[in-house]
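Chemist: With the input below, show me the fold.
(one chain, ligands or ions: 1)
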Amino acid sequence: MPAFTRRPAFGPKRFFFFNLFESDVTGAPLAVFGRSAGSVDAYAAAVGRWLVTRDGFDFLVHYLPDYDFASHAAGPGASEQALQRSDAAIWALVEAAGGPDEFLERYAVLLCADHGQTRIDRKVRLEERFLDAGVIVTASNRAGMVYRTGKTREDTRELAARLDAEAGVEAALFLEANEAIARRAGEELRFAPAASGWATSGDLTLLPQPDALERAWAALRNPNAGELIVSAAEGIEFADLAGRSHLGGGSHGALAAADSEVPLLTVGIDAAPRSITDLAPLALEHFGVEPPAYTRALAHAA
Ligand SMILES: [Zn+2]
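Modeler: Numbers count the residues shown, from 1 in each chain. Predicted coordinates for the structure are as follows:
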């Protein structure tokens with residue numbers, strides 16, 4: 001915004017965002033209308049074809065969001081057509097290189113989803129449990145966070161206990177000393193990373209292990225997270241502040257495996273990533289760039 005500030009914007013040399021921002025004229029069709037019919041993936045396919053035809057990049061992020069959109073509306077497993085369109089948007093790149101062999105000779109490939117989805121049968125308004133608690137509740141899709149403020153009187157365990165009677169909560173998570181606690185219906189599981197795996201005590205049935213423990217721990221250690229993190233139970237979505245939800249469709253964000261576990265496929269890359277958090281350091285290493293210290297060490301993850 002020139003009137004307020006003039007600073008350089010750092011980003012890729014080439015960038016395409018729904019025709020709202022286009023660094024090059026590619027002849028790609030209009031993406032902003034007809035999304036339910038797959039206009040965004042079709043746009044990505046056209047731009048991708050243009051880029052591959054010119055070998056116009058070192059590193060390409062080819063993002064196809066239409067399946068997520070369709071699955072939110074109709075529910076997971078009910079959007080086969082959208083999946084076929086996503087497939088076609090990937091194949092457009094392969095064809096532009098002259099076929100799979102030619103494509104893989106030129107590029108290494110990391111293929112992944114950023115999350116799964118599960119079906120939504122009921123919505124819950126999380127903030128109704130905290131009306132007099134002096135906290136800020138942020139909820140969206142299948143996760144919610146509760147932030148303490150200067151007006152919060154209860155400790156975080158007491159805030160978590162407000163959700164004991166809410167059947168829509170799979171787990172209320174918080175940190176206490178150097179341990180994480182998952183709480184549901186008054187039962188608690190304590191856990192923390194140990195020399196090999198996890199040290200746990202309490203009700204081990206509260207979270208599927210060990211993957212959910214790892215995801216819960218990472219979320220709680222995020223400096224931007226609320227003191228209380230809430231994961232929704234099966235079939236439940238937390239309405240956002242405007243009351244919107246994907247009732248009757250699909251959603252994601254909870255610790256459930258179907259929300260959180262994704263396919264990962266690599267071609268032409270030696271390491272085997274076991275989490276999407278491995279992908280950024282893997283791509284940097286591929287180009288001979290030292291990954292920053294905050295990225296997960298691949299050797300550690302293997
Ligand atoms: Zn989504």
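
Chemist: State the pLDDT value of S251.
Modeler: S251 is assigned 97 on the pLDDT scale.

Chemist: how close does it get to Y147?
Modeler: According to CB to CB, to the nearest Å, S251 and Y147 sit 22 Å apart. Yep, even glycine has a C-beta here, placed from its N, CA and C like the rest.

Chemist: Check this structure for its longest helix and report it.
Modeler: Using DSSP state H to define each element, the chain has its longest helix at helix 80-97.

Chemist: which one of S251 and Y147 has more residues nearby?
Modeler: Neighbours were counted for S251 and for Y147 using other CB atoms under 10 Å; S251 has more, 28 against 14.

Chemist: if I pick the more buried one, what's in contact with it?
Modeler: S251 makes contacts with H72, Q117, T118, I120, N141, R142, E237, S245, D259, as judged by CB atoms under 8 Å, 6 or more residues apart in numbering.

Chemist: ok, the nearest residue to the second one once chain neighbours are set aside to L20 distance?
Modeler: Among residues not flanking Q117 along the chain, G250 sits closest, at 3.8 Å (CB to CB, 6 or more residues apart in numbering). Relative to L20, G250 is positioned 26 Å away (criterion: CB to CB).

Chemist: ok, now D270?
Modeler: To L20, D270 is 38 Å away according to CB to CB.

Chemist: got it, and E170?
Modeler: As judged by CB to CB, E170 and L20 stand 37 Å apart.

Chemist: between the two, which one's more packed in?
Modeler: E170 (22 against 8).

Chemist: F33: which element?
Modeler: Using DSSP states H and E, F33 falls within no helix or strand.

Chemist: mind checking pLDDT for the closest residue to Y43 other than its chain neighbours?
Modeler: Excluding the flanking residues, the one nearest Y43 by CB to CB, 6+ apart is A31, at 3.5 Å. Reported pLDDT at A31 in the predicted model: 83.

Chemist: try the one 4 residues further on
Modeler: Taken from the predicted model, the pLDDT recorded for R35 is 79.

Chemist: which ones are touching it?
Modeler: Per CB under 8 Å, 6+ apart, neighbours of R35: D66, F69.

Chemist: now it: how far from A143?
Modeler: Distance of R35 to A143, given as CB to CB: 24 Å.

Chemist: what ranges do the strands span in the stretch 151-300 of the chain?
Modeler: Along the stretch 151-300 of the chain, the segments classed as strands by DSSP state E, counting those that start in this stretch run 169-176, 179-184, 187-193, 198-202, 228-232, 236-238, 250-251, 264-267.

Chemist: Could I get those in a markdown table, plus columns for distance to W50?
Modeler: As requested, the strands of the stretch 151-300 of the chain are arranged in a markdown table below (distance: least, CB to CB, whole Å):
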| stretch | distance to W50 |
| --- | --- |
| strand 169-176 | 44 |
| strand 179-184 | 47 |
| strand 187-193 | 46 |
| strand 198-202 | 48 |
| strand 228-232 | 41 |
| strand 236-238 | 38 |
| strand 250-251 | 32 |
| strand 264-267 | 22 |
